[in-house]
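Trainee: Kindly generate the corresponding structure for this input.
(one chain, ligands or ions: 2)
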Amino acid sequence: MEPLLSPVTVVKGIGQETAKDLADLGIFSVHDLLMYFPTRYEDYSIRDISEVGEGERITVRGTVYGEPSVRFYGRTKSRMTVKMVCEGIVISAVWFNQHFLKNKLVPGKEIQITGKWERSRLQITVSETKLQFSGKKQELSSEQLIQPIYSVTAAITVKQLRKWMEQALKQFQQEIKEILPQEILRKHEFISRKEAIRAIHFPSSTKEGGQARKRLAFEELFFYQLKMQALQLVQKKQTKGKGIPIPLEEVRQFIRSLPFTLTKAQKLVLKEILDDLQSPYAMNRLLQGDVGSGKTIVAAIALFAAVRAGYQGALMVPTEILADQHLKSLEELLSPYGIQVALLTGSLGVKARRDLLAGLQMGMVDVVVGTHALIQDDVYFGRLGLVITDEQHRFGVEQRKILREKGLQPNVLFMTATPIPRTLAISVFGDMDVSTIDELPAGRKPIETYWVKGEKLERVLAFIRKELLEGHQAYVICPLIEESEKLDVQNAVDLYQQLADYFQGEFSVGLMHGRLSPKEKDEVMQAFSENKIQVLVSTTVVEVGVNVPNATVMAVYDAERFGLAQLHQLRGRVGRGAEQSYCVLIADPKTDTGRERMRTMKETNDGFEVARRDLQLRGPGDFFGTKQSGLPEFRIADISQDFQSLEQARQEAVALLKHEDFWQSPEFAFFRQYLEQQGVFEVGVLD
Ligand code: ADP
Ligand code: MG
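Mentor: Numbers count the residues shown, from 1 in each chain. Ligands and ions are numbered 1, 2, ... in the order given. Presented below is the predicted three-dimensional model:
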């Protein structure tokens, strides 16, 4: 057996009991243990005093210079001060409640202390004292100067884990095999895997730690990309026999009948989509474009094309409000051509649902719009050709599998209004093709964004009134209470009361939140779009996709609690008509980052720019909403930091898969085995 796959109990010092505790951390084998990376490090390396800033942690070695002086407070509390010479400077070291060290601190003795540096007073408040130490810095032992900190459970201490790690490395480091191709190692000057895994745990210097991290992060991204690129390859090769024969002339005519001309960007992405549909390979494409860039019409045209070629289409959206809205706009566009559009959501009655399912199965319904209810077990399509998902990435390999099990390999188009830089999108969504709408329809007036402090609320309301008096409408978004829908709703109700009082007798105020029934939501939305309600107080349920062109004000309470991407989405609810629109962010951010976010919103209307800054300010985990986006949670890689590695890893993975011997040569057996383990071939068969 592969030695690294032995259970952890082969490591000296780890018994059955410990093994159980380690299992709670997901550590079963030696390999698991070695791959359990530190979350951070404590740096005990000795730094030049002059480099260390006020209040920072510092470790110094020096010579005791004077007699310790101790002052007691009560029986056990004490403060002891000693003068020391470090690097030719006299500093004082202060210990609290450690007077028992007094006899050890004799003048002339060399000691090493770690603590907080008070630069202005040349004083260290000591937290750790070493009376003995070896002069060597390199050896792997408790002398290690940069100590790894691991995330542990109550049953295990960091110190124990360090000890076991050290022991595991002693016994098994030589067994660690290289898994990156030699060529890549040479080209990127990576250290070996063996070295990297030791150094990630016990770096001898910050530099070495950095090299180890870089190599291991690349490795992780490389295997991720290898899987994604192989998936793409496999999916592409998965022939459906023939492409969809699109009646192009009819499509052109349909486009000509629209009340506006498509933007250049819309035409371009439409061509990419129609090419995909006509090709024998199943489409797997991400369509990204800023809010208001006109993705819906592109979707409608693609659906039109598929239906006219004899297929069914499905449009999947995250909320019922949005489903409803899309149903209406699709009906408007498509029913003049005799195309049957239907709605399938969780709130459909039993009988209506049964009829609809029958219609879908027999191919009588051409286009169905719905929430996730669309791909449930009992939903069958007669001849599904195209699936479009709007405003979400949650349609992944799993959902595709569900469809495949129904004998379907539809073309899938994912639409998202959370734009990310194109190169990043290509790398991150490695198994998809990416189309980008990078311009807005002509004639749009840029939305003016203001940031006001909470105390100016009265003025905000006056401003809203002014807009209402001109016949426009406004959204008012309530503060977001983390993790608590109940409190969000309470907030919305309170704010609604307040505004209803304020505008009483003048304007009608409506309320929207997640606890309303689908029917109630629908009524409120309907009333707002018909201008029966002028002010809509809402939680973030209106965030995605909602389209009421007469609304010109988006006011957001406690805007600092929202992410940039979310604020940009909210802002995208206005500016949809010909009138000048405004976004008012009411916020008192307490942090620099918070203030920077508000400034970003003020300074730019461009979703790609917002995304770029968001990525900088927040880091990638939050940015992509990892769990929802279907992105893997990386062990060590961090997409915001390792942006370049990600792209390099993608290129290397593509190159490896293109190698003429990749699918045959024993040289690459390891990678093929990995792909097999990852279930890449279940998705389709390579010919
Ligand atoms: P999003 O990309 O945010 O989903 P929508 O598809 O909702 O944007 O489009 C926003 C608005 O712009 C809609 O009212 C739509 O009819 C309109 N629109 C789309 N394309 C064009 C265009 N080429 N010219 C003018 N208006 C357009
Ligand atoms: Mg949309």
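
Trainee: Report the closest residue of the stretch 1-150 of the chain relative to ligand 2.
Mentor: Thr39 (38.9 Å; Cβ to the ion). For every residue, glycine as well, the C-beta is placed using N, CA and C.

Trainee: Now do the same contact list for that residue.
Mentor: 149-151 (Cβ atoms under 8 Å, 6 or more residues apart in numbering).

Trainee: Can you select the buried ones from those residues in ChimeraX?
Mentor: Selecting only the buried entries of the contacts of Thr39 in ChimeraX, with 16 or more other Cβ atoms under 10 Å as the criterion:
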select :150
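
Trainee: Reformat the contacts of Thr39 into CSV and put pLDDT, secondary structure and distance to ligand 1 next to each item.
Mentor: CSV is the format used below for the contacts of Thr39 (pLDDT from 0 to 100; DSSP: H, G, I helix; E, B strand; the rest coil; distance: Cβ to the nearest ligand atom, whole Å):
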residue, pLDDT, secondary structure, distance to ligand 1
Ile149, 89, strand, 44
Tyr150, 92, coil, 45
Ser151, 89, coil, 40
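
Trainee: and Arg571, what is it in contact with?
Mentor: For Arg571, the contact set (Cβ under 8 Å, 6+ apart) comprises 291, 447, 449, 554, 583, 601, 605.

Trainee: try it again with 10 Å
Mentor: Shown in contact with Arg571 (Cβ atoms under 10 Å, 6 or more residues apart in numbering): 291-292, 447, 449, 475, 554, 556, 581-585, 601, 605, 607, 610.

Trainee: Among these, which ones lie close to ligand 2?
Mentor: Counting by Cβ under 5 Å from the ion, nothing from the contacts of Arg571 sits close to ligand 2.

Trainee: Which members of these occur in strands, if any?
Mentor: 449, 475, 554, 556, 582-585 (DSSP state E).

Trainee: Please identify the buried residues of stretch 304-323?
Mentor: Quick answer for stretch 304-323 (16+ other Cβ under 10 Å): 304-309, 311-323.

Trainee: Apologies, that question was intended for stretch 341-351.
Mentor: For stretch 341-351, the neighbour count (16+ other Cβ under 10 Å) marks 341-345, 347-348 as buried.

Trainee: could these go into TSV alongside pLDDT, secondary structure and distance to Leu131?
Mentor: What follows is these, written out as TSV (pLDDT from 0 to 100; DSSP: H, G, I helix; E, B strand; the rest coil; distance: Cβ to Cβ, whole Å):
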residue	pLDDT	secondary structure	distance to Leu131
Val341	96	strand	80
Ala342	95	strand	80
Leu343	94	strand	76
Leu344	92	strand	74
Thr345	84	coil	71
Ser347	80	coil	72
Leu348	84	coil	76
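
Trainee: And the residues you listed, which is closest to ligand 1?
Mentor: For those, the residue nearest ligand 1 by Cβ to the nearest ligand atom is Val341; the value is 16.3 Å.

Trainee: Which residue, neighbours along the chain excluded, lies closest to Gln534?
Mentor: Leaving aside its chain neighbours, Gln534 sits nearest to Phe507 (4.2 Å; criterion: Cβ to Cβ, 6 or more residues apart in numbering).

Trainee: Give the full set of residues in contact with the one you found.
Mentor: So Phe507 contacts 464-465, 468-469, 473-474, 499-500, 533-535 (Cβ under 10 Å, 6+ apart).

Trainee: what does Ile191 give?
Mentor: Ile191 neighbours (Cβ under 10 Å, 6+ apart): 185, 197-199, 208, 211-212, 214-216.

Trainee: can you narrow the contacts of Arg571 to ones near ligand 1?
Mentor: Residues of those in contact with ligand 1 (Cβ under 6 Å from any ligand atom): 291-292.

Trainee: Give the burial count for Trp164, as a bare number.
Mentor: For Trp164, the neighbour count with other Cβ atoms under 10 Å is 20.

Trainee: Surely it and Lys12 touch.
Mentor: Yes: using Cβ atoms under 10 Å, Trp164 is in contact with Lys12, at 8.9 Å.
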